[in-house]
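Undergrad: Provided below for reference: sequence and predicted model.
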Amino acid sequence: MEGSIKFGLWFVYIRWNSDNLVSRIRFVKTAVSGAVPVSLSKYLAGKVTTLYPLESIHLREEGTYGEIYRQVHAIPYGEIKTYKEIAEFVGTAPRVVGLAMKRNLTPILIPCHRVLSSHGLGGFTPDISIKEDLLKLESNFLKKVKIHEQDQV
DNA sequence: ACAGGAGTCAAAG
DNA sequence: CTTTGACTCCTGT
C-alpha cells in the first residue's frame, strides 16, 4: 500500500504492507495518490508522539547499520543526540553514522532528524529545512503538554 | 583495493 | 570567525 500526505511545502510519501511494516518513506514535491496510516498523519499534525504500530524494515537489519538504526530509533520524541554519541555507543566512527542516516529509507520512523552534529544541525536529504520543521514540531508539542500539565495543578 | 561520506577536532590564517 | 588537514571506518564499486 502507498500514499502521501502534505507536510509544509513537501509531501510525505509512504509505502507499507498489511503487517504495518514500512519499506519506504520519502519527501517529494508532488502528491502520490492514496491514503497514509492514521498514526503518520496524526504525528505530522503534532497530535501524537508515537508512530505505533508502524515499524521500519531497518530495525531488522544486521550489522553496523542495523545497530545504528536501532540506537537512533531509541531516541525519545523531542530529544536529540549527536552523530558522535551514536557512534561511540555502537563502536564506530561518526561519519559512518552520517552515512547510515543518509541511506535511511524510512526517515521519521527512524528519527534521523533527532541526530545533530556537534557544532550544528548536520545534514538532511532532500532539504535541511525539513529537519528543522520536524524538530520544531516535536518541541512545540512538548510545550503544549507542559502548559496543559500546569493547568491541572 | 579504493574513494567517499548528513562528522570531529585541533591548528593555523 | 573561516579554512585546512588528519583521523576514522563502513559501503559500493
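TA: Looks like it arrived, so ask away. Numbering: from 1, shown residues only, chains lettered A, B, ... in the order given.

Undergrad: all contacts plus neighbour counts: C-alpha atoms, from now on.
TA: Fine.

Undergrad: Report the secondary structure state of the closest residue to A:Val48 other than its chain neighbours.
TA: Distance criterion Cα to Cα, 6 or more residues apart in numbering; nearest residue to A:Val48, sequence neighbours excluded, is A:Lys42 at 5.9 Å. Judged by DSSP: H, G, I helix; E, B strand; the rest coil, the three-state class of A:Lys42 is helix.

Undergrad: I figured A:Glu55 hits A:Val22, correct?
TA: Yes - A:Glu55 is within contact range of A:Val22, at 5.8 Å (criterion: Cα atoms under 8 Å).

Undergrad: more neighbours, these two?
TA: A:Val22 (21 against 18; other Cα atoms under 10 Å).

Undergrad: What residues sit buried inside the helix or strand containing the more buried one?
TA: Using DSSP states H and E, A:Val22 sits within strand A:21-28. Residues A:Val22, A:Arg24, A:Ile25, A:Arg26, A:Phe27, A:Val28 are the ones in strand A:21-28 that count as buried (16 or more other Cα atoms under 10 Å).

Undergrad: Repeat that for stretch A:126-142.
TA: Within stretch A:126-142, the residues that qualify as buried are A:Ile130, A:Lys131, A:Leu134, A:Leu135, A:Leu137, A:Glu138, A:Ser139, A:Phe141, A:Leu142, counting by 16+ other Cα under 10 Å.

Undergrad: Great, nothing more from me.
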